[in-house]
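Q: based on what follows, work out the 3D shape:
(one chain, ligands or ions: 1)
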Amino acid sequence: MTDSKPFLIKTDSIITGLKNEKSGKHYILIEKGKIKEIGILSELRKSLSNINSFEYKNSTALPGLVDGHTHMIAPGTGQRGDDIAKEQDEFLLIRAVKNAKLALESGVTTARENGAKNNIGFILKEAIKNKLTDGPEMIVCGRPLTITAGHMGYLGSETDGINEIKKETRKLIKEGADFLKIAATGGSTITSNPLQPAFSVEELKSISEEAKRFNKLTAAHCTSNLGIDFSLQAKIDMIIHCIFDDENGNYKYREDLVEKILKNETWINPTLQISIYGLENIKENLSNKKILSEQEKSLLDSSKKQLDSRFETVSKLITSGAKIMAGSDSPWGSYPPGKFYKEIEALNIAGMSNYESILAGTKYSAESIGLKNKSGTIEEGKDADIVIVKGNPLKNISCLSEPIQVYKQGIKQKNEL
Ligand SMILES: [Zn+2]
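A: Now for the predicted structure:
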């Protein structure tokens, strides 16, 4: 499918992600996998009128989606991380290949992989790069750094104490990590506590400083106030989940921490949709029970409450002007693969405009993962990563759910009728 000759894409409207968006029919000139030129169709010059072109009726072109948070080894069926990690690496790699393909077909042309087991993330990235399989352009951490018994320790990088942590950080970079993912609190991992910080501030600082020395970004999973606090003190680049719970599990939105988030210009990856799927999964599991036990009732109640406070947090963060980007966390938990658009929709529900939520999943997510000059906007010189959808997502955000065509570096990823 490689086409080295230049060609045109023509659509009824375009979202470039740049200032001065213009409405109406546009063309995009693509050459050697890069965007060469963008213009208004009625102004197409004669010299371009004879080159190969693909016209999509009643459609919008937008930048290829950038999912800033994936876990390709997971099935998205509600299986716990502790159980996923019991599978053979070879099995998980095959699943990751399948999920990566689904992601690309759904419009995700770039994905930041937030933690696979052992070498799987590195191998997946290399396999896609070498065109052995189709998938998004991958930015990988390899394995998340975590304390002994900490969240995602089963993925293979448990480490404690500054010397050991520095060594593991350097080892991951040597193996090919593009960024460092840190479990700054516990999480769903059985032996971990989501309300307690994992690493000390000094330990987090040692990762952050090592990362900076090697020009790598950092991102920390934080499901409690202390974890957020510690990560901000250590100048971590991105806070994932950003759950404002105190040590007792009570929701407490901390204005002082938000001020620090704004001051440090820390990126926030809210992962709202995974909580929605989580609640749906609980409801479904309990749906054929006539009477719920006290334990089941309290699980259902606390999940509903948590979802409400997550939405409240994100709405407040949007109003405060925090830098928010979209990353699905899929197919972790009950979030099925190939549905990144659901996270964009969730941000929309939380209060972002259609346009801003689209930027969160394209321009902002690309910026937040260090790809500002390569992807995230339809812009001359950038990779020709383009999604074509029916209708206009500025009017109806849900038209992102089924792209008509996906171009990754100028190559079509779907058969056209
Ligand atoms: Zn995750």
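Q: for the residue in the stretch 1-150 of the chain positioned nearest to the ion, give me its contacts.
A: Going by CB to the ion, the ion is nearest to Asn114 of the stretch 1-150 of the chain, at 4.6 Å. All C-beta spots, glycine's among them, are computed from the backbone N, C-alpha and C. Contact analysis of Asn114 by CB atoms under 8 Å, 6 or more residues apart in numbering lists 69-71, 141, 144, 181, 219, 240, 327, 329.
Q: out of the residues you listed, which are close to the ion?
A: Contacts with the ion within the contacts of Asn114, counted by CB under 5 Å from the ion: Asp329.
Q: from the contacts of Asn114, which is closest to Leu172?
A: Cys141 (7.1 Å; CB to CB).
Q: count of neighbours near that closest one?
A: Each residue near Cys141 was counted by other CB atoms under 10 Å, and the total is 27.
Q: just checking, it touches Lys181?
A: Yes. Using CB atoms under 8 Å, Cys141 makes contact with Lys181 at a distance of 3.9 Å.
Q: shared neighbours, those two?
A: Common neighbours of Cys141 and Lys181, using CB under 8 Å, 6+ apart, are 114-115, 219.
Q: show me what stretch 75-93 is in contact with.
A: So stretch 75-93 is in contact with 73-74, 95, 99, 116-120, 123-124, 152, 154-155, 188-190, 281, 330-337, going by CB under 8 Å, 6+ apart.
Q: does the ion sit close to that stretch?
A: No. Applying CB under 5 Å from the ion, one finds stretch 75-93 separated from the ion by no less than 9.1 Å.
Q: let me see the mean pLDDT of that stretch.
A: Stretch 75-93 carries an average pLDDT of 97.
Q: over to stretch 215-226?
A: For stretch 215-226, the mean per-residue pLDDT is 98.
Q: what does stretch 383-402 give?
A: Average pLDDT, stretch 383-402: 97.
Q: check stretch 288-305 too.
A: Computed over stretch 288-305, the average pLDDT equals 92.
Q: equivalent analysis for stretch 186-203, please.
A: The model assigns stretch 186-203 a mean pLDDT of 97.
Q: now stretch 406-416
A: 95.
Q: and stretch 156-163, by the same measure?
A: Rounded mean pLDDT across stretch 156-163 is 98.
Q: mind putting the contacts of Asn114 into TSV with secondary structure and distance to Glu55?
A: Shown next, in TSV, are the contacts of Asn114 (DSSP: H, G, I helix; E, B strand; the rest coil; distance: CB to CB, whole Å):
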residue	secondary structure	distance to Glu55
His69	strand	35
Thr70	strand	32
His71	coil	38
Cys141	coil	40
Pro144	coil	45
Lys181	strand	42
Ala219	strand	40
Ile240	strand	40
Gly327	coil	33
Asp329	coil	37
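Q: between the contacts of Asn114, which is nearest Ile38?
A: Gly327 (27.0 Å).
Q: hang on, the closest one packs against Ile268?
A: No. Assessed by CB under 8 Å, Gly327 is found out of contact with Ile268, at 10.0 Å.
Q: of the two, which one has the most company?
A: Remark: of Gly327 and Ile268, Gly327 carries more neighbours, 28 against 23, as counted by other CB under 10 Å.
Q: and that one, what are its phi and psi?
A: phi -150, psi 130 (degrees, to the nearest 10).
Q: contact residues of the stretch 1-150 of the chain facing the ion?
A: Looking at the ion, the residues of the stretch 1-150 of the chain close enough under CB under 5 Å from the ion are Asn114.
Q: just the strands from the stretch 1-150 of the chain, written as ranges.
A: 7-14, 26-31, 34-40, 53-63, 65-70, 108-113, 137-140 (DSSP state E, counting those that start in this stretch).
Q: and these, which is most packed in?
A: Ranked by average neighbour count under the criterion mean count of other CB atoms under 10 Å, those are headed by strand 65-70 at a mean of 31.
Q: alpha carbons only: can I get it in CSV?
A: Output of strand 65-70 as CSV, limited to C-alpha atoms (Å, rounded to 0.1, in the frame of the first residue of the first chain):
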residue,chain,number,x,y,z
LEU,A,65,-5.8,10.3,17.3
VAL,A,66,-3.0,10.1,19.9
ASP,A,67,-4.0,7.8,22.8
GLY,A,68,-1.6,8.9,25.6
HIS,A,69,-2.2,5.8,27.8
THR,A,70,-2.6,2.2,26.6
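Q: need the mean per-residue confidence for that strand.
A: Mean predicted confidence for strand 65-70 is 98.
Q: report all helices and strands that it contacts.
A: helix 89-105, strand 108-113, helix 341-349, helix 363-368 (3 or more CB pairs under 8 Å, 6 or more residues apart in numbering; DSSP states H and E).
Q: quick one, grab the pLDDT at the residue of the stretch 251-400 of the chain found nearest the ion.
A: As assessed by CB to the ion, the ion sits closest to Asp329 within the stretch 251-400 of the chain, at 4.3 Å. pLDDT recorded at Asp329 is 98.
Q: thought it was touching Gly68?
A: No. Assessed by CB under 8 Å, Asp329 is found out of contact with Gly68, at 9.7 Å.
Q: what's the closest of the strands of the stretch 1-150 of the chain to Tyr364?
A: strand 65-70 (8.5 Å).
Q: run through who's touching that closest one.
A: Against strand 65-70 from outside (CB under 8 Å, 6+ apart): 99, 103, 106-114, 136, 240, 269, 271, 325-331, 340-341, 343-344, 361-362, 365-366, 368-369, 371, 375-376, 387, 400.
Q: would you map the helices across the stretch 101-250 of the chain?
A: Secondary structure of the stretch 101-250 of the chain by DSSP state H, counting those that start in this stretch: the helices cover 120-129, 162-175, 201-213, 225-233.
Q: packing partners of the longest one?
A: Applying 3+ CB pairs under 8 Å, 6+ apart, one finds that helix 162-175 contacts strand 179-183, helix 201-213.
Q: and the gap between the residue of the stretch 1-150 of the chain closest to the ion and Gly327?
A: According to CB to CB, to the nearest Å, Asn114 and Gly327 sit 7 Å apart.
Q: what's the overlap in contacts for those two?
A: Joint contacts of Asn114 and Gly327 (CB under 8 Å, 6+ apart) are 69-70, 240.
Q: may I have the secondary structure class of Asn392?
A: coil (DSSP: H, G, I helix; E, B strand; the rest coil).
Q: contact partners for it?
A: Per CB under 8 Å, 6+ apart, neighbours of Asn392: 12-13, 60, 399.
Q: how about the backbone phi and psi for it?
A: Per degrees, to the nearest 10, the backbone of Asn392 is at phi -130, psi 110.
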